[in-house]
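Peer 1: Provided below are the primary sequence and the corresponding predicted coordinates.
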Amino acid sequence: MQNNSTGKMTNYRWVICGMLFLATTINYMDRQVLSLTWKDFIAPEFHWTDADYGRIAAIFSIVYAIGNLFSGRFMDWIGTKKGYLWAIGIWSLGACMHAFCGVATVEWLGLEGKEDLINAVGTSTAVIASVSAWFFIISRIVLGLGESGNFPCAIKVTAEYFPKKDRAFPTSIFNSGSTIGALVAPICIPLIAKFYGWEMAFIIIGALGFVWLGAWVFIYKKPEECSGVNKAELAYIQQDEDTKPLPNPPLKGRAHNSHSQQEEEGGGLPFHKFLTFPQTWGIFFAKLITDGVWWFFLFWTPAYISDVYGLKTDNPTAMLLIFVLYAITMLSIYGGKLPTIIVNKTGQHPYDARLKAMFIFTLFPLLTLFAQPLGAYSYWFPIILIGLAGAAHQSWSANLFSVGSDLFPKKAVGTMTGINGMAGGISSFLINWISGYLFDYADKTQMQFLGFEGKPAGYFIIFCYCAVAYLLGWMVLKAFVPKYKAVQG
C-alpha cells in the first residue's frame, strides 16, 4: 500500500465496500439454504406442506423485522466494527443450528432414526411435521436476529465512508451481494444436499461467516483513524461536512474532522422522535409495500419451478434457471449509479435525482404480469421476467436505503435503516404466510383465477401484486417527502 500521508487519493473506501459485499453475499447464502432444500430434501423427511414452510419463512421474517428495529439502535450505540462482529457471529451460529433439527426431532419424539421419520404414516406425520417445524423455527429465529444487523450496519458504514452523492452506488454494490448469494446458492447448495445431506449444506455455508469475522477485525477502522485512508480521501469522504459551519478551524493533518467527531459523540436521536418525522413514514411504507416481492422471489422461486414445471432443485435445468434468474438481477448494479449520472448531467439535488431513478425502476416489475401467461410456452419466460423485476427491486432497494442516509444525520442512520429493515421484514412475513396458505388452498380446491387453476392460479395472484407494488411504494414515498428536507437532530 502506498504512503498515505500525501499524494494521490487512496481508495480504501472500496476495500470496505468489498467487505460489505462479502457479508451480504454470505447473509443471503445462509438465508437461501432452506428455500433450496425444503421442497425436495427436507419436506419428504418431515412431511411438510406449503403451509408449514410458509409459517417457518413468515416467523423468520417477523423476527428479522423486529430485530432490525433494535439492531439499528444497537449499531448506533455500539458502533459498526463491534456491531458487525455480533451480527454475523449470531447469524452464522443460527445457520449451523439448522443442521441439527433432524436429530433434535428424532430425540424429542423418541424415534430410532431418520428412517422412522420418512416411513411414518397417518397422524404421526402431522406430529413430525409440527415438531420439526418448531426446531427449524428456533434456528430461523437465531438466524433472523443476527441477519437483522447486516443492513443497518452496512448502511451506517457506507455513510461513514462515502459522501451523499455516491452512496447509492456502493450500496448497490454491497446490496448486489444478495444477488450473488442467490446466484451461487442454487449451484452449490442442492449438490451439497444431494451428495452429503441437507445438514452439511447448512454447516458449510454457515461456516463462511466465521471466516469473514476474522478478516473484519483487521480491516475495518473509522476513516479518520484508518492508516489506509489519506488526507485526500478523507476530505472526499467528508465533503458534505465541508459546507457546514465548524465550531473551530479544522485541525492540521486530518481534513475537517471536528464536525464528524462532534456528530459521532452526540449519540443517536431518541426513538420516539423518529415517529414524528414524515421522512420516517415515507421510507417505512415504501419498504413495507415493496420488500415482500423480493422475499417472495427468494423463498418461493425454487418451489415455483418444482410445482409448476416439475423440476426439482437438484435438476440441472432447475439450477440453470435459478442461476440465470439471479444473473439477470445483477443488472441492478447500474441502478445504484443512475442517480449519480442524473446529478452529474442535470445538477439536481441527489434526493430529486434518486426519486427520478426510483420511478424508472417501478416500471420493470410490471412485466411480471406476463410471467405466468407466457410460462405456458416456456419456463424461460417467467424466469427472465422475474429476473428483470428482481434487478429493478435491488436497484429500488439500494436507493431507498440511501434515501435514509440522505435525509437523516449519521448518528441516526443505523436506527433509520433498522426501521427500514423492520418494514421489509413485516412485508416478508405477510407475503410468505399468505403464500403458503394460498398455495395449499389453491391446490386442494383447484381454485381458478384468470384462466389458471390450482397452484398456478395461486402463483398468478401473487405475481399480480408483485407487478404493481413498486408504483404504489413510489407514490407513498413521494406523498410523504415530495422534496428534499433533511431531519434536524
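Peer 2: Yes, it's here. Computed from a prediction, not measured in an experiment: that's the story for all the values here.

Peer 1: kindly export the one helix or strand residue 89 maps to (C-alpha atoms) in CSV.
Peer 2: Secondary-structure assignment from DSSP states H and E places residue 89 in helix 80-97. Taking C-alpha atoms only, helix 80-97 is exported to CSV below (Å, rounded to 0.1, in the frame of the first residue of the first chain):
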residue,chain,number,x,y,z
THR,A,80,-20.0,-0.6,13.3
LYS,A,81,-17.0,-2.7,14.0
LYS,A,82,-18.3,-4.5,17.1
GLY,A,83,-21.8,-4.4,15.7
TYR,A,84,-20.9,-6.4,12.7
LEU,A,85,-19.0,-8.9,14.8
TRP,A,86,-22.0,-9.6,16.9
ALA,A,87,-24.4,-9.7,13.9
ILE,A,88,-22.5,-12.2,11.7
GLY,A,89,-21.4,-14.3,14.6
ILE,A,90,-25.0,-14.8,15.7
TRP,A,91,-26.4,-15.5,12.3
SER,A,92,-23.6,-17.9,11.4
LEU,A,93,-24.4,-19.8,14.6
GLY,A,94,-28.1,-19.9,13.7
ALA,A,95,-27.3,-21.1,10.2
CYS,A,96,-25.4,-24.1,11.5
MET,A,97,-28.1,-24.9,14.0
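
Peer 1: neighbours around residue 278, how many?
Peer 2: 14 (other Cβ atoms under 10 Å). All C-beta atoms are positioned from the backbone trio N, CA, C, and that covers glycine.

Peer 1: could you check how far it is from residue 436?
Peer 2: Computed as Cβ to Cβ, to the nearest Å, the residue 278 to residue 436 distance reads 35 Å.

Peer 1: again with residue 461
Peer 2: Counting by Cβ to Cβ - residue 461 and residue 436 are separated by 13 Å.

Peer 1: between these two, which one's more packed in?
Peer 2: Shown here are residue 461 and residue 436; by other Cβ under 10 Å, residue 436 has more neighbours (24 against 20).

Peer 1: which strands and helices sit next to the strand or helix carrying the more buried one?
Peer 2: Element membership for residue 436, per DSSP H and E: helix 410-445. Judged by 3 or more Cβ pairs under 8 Å, 6 or more residues apart in numbering; DSSP states H and E, the packing partners of helix 410-445 are helix 50-78, helix 150-161, helix 258-265, helix 271-274, helix 278-309, helix 380-407, helix 455-480.

Peer 1: so which residue is dead centre in the protein?
Peer 2: residue 178 (6.1 Å; Cα atoms, centre = their mean).

Peer 1: ok, and the closest non-adjacent residue to residue 46?
Peer 2: residue 132 (4.0 Å; Cβ to Cβ, 6 or more residues apart in numbering).

Peer 1: so that neighbour touches residue 101, yeah?
Peer 2: Yes. Residue 132 is within contact range of residue 101, at 6.2 Å (criterion: Cβ atoms under 8 Å).

Peer 1: count the neighbours of residue 124 for me.
Peer 2: Using other Cβ under 10 Å, the number of residues around residue 124 comes to 15.

Peer 1: okay, and it sits in which element?
Peer 2: helix 123-147.

Peer 1: tell me the buried residues in that helix?
Peer 2: Buried residues in helix 123-147, counting neighbours by 16 or more other Cβ atoms under 10 Å, are found at 128-129, 131-147.

Peer 1: which regions of the protein lie under the pLDDT threshold?
Peer 2: The chain contains residues with pLDDT under 70 at 1-7, 241-268, 489.

Peer 1: mind doing that once more with 50?
Peer 2: 1-4, 243-267 (pLDDT under 50).

Peer 1: for residue 196, give its distance to residue 208.
Peer 2: For residue 196, the distance to residue 208 - Cβ to Cβ - is 16 Å.

Peer 1: an error on my part: the question was meant for residue 103.
Peer 2: 22 Å.

Peer 1: of those two, which one has the most company?
Peer 2: residue 208 (16 against 13).

Peer 1: tell me who's in contact with the residue nearest to residue 46.
Peer 2: By Cβ atoms under 8 Å, 6 or more residues apart in numbering, residue 132 lies in contact with 45, 46, 48, 101, 102, 105, 117.

Peer 1: done for today, thanks.
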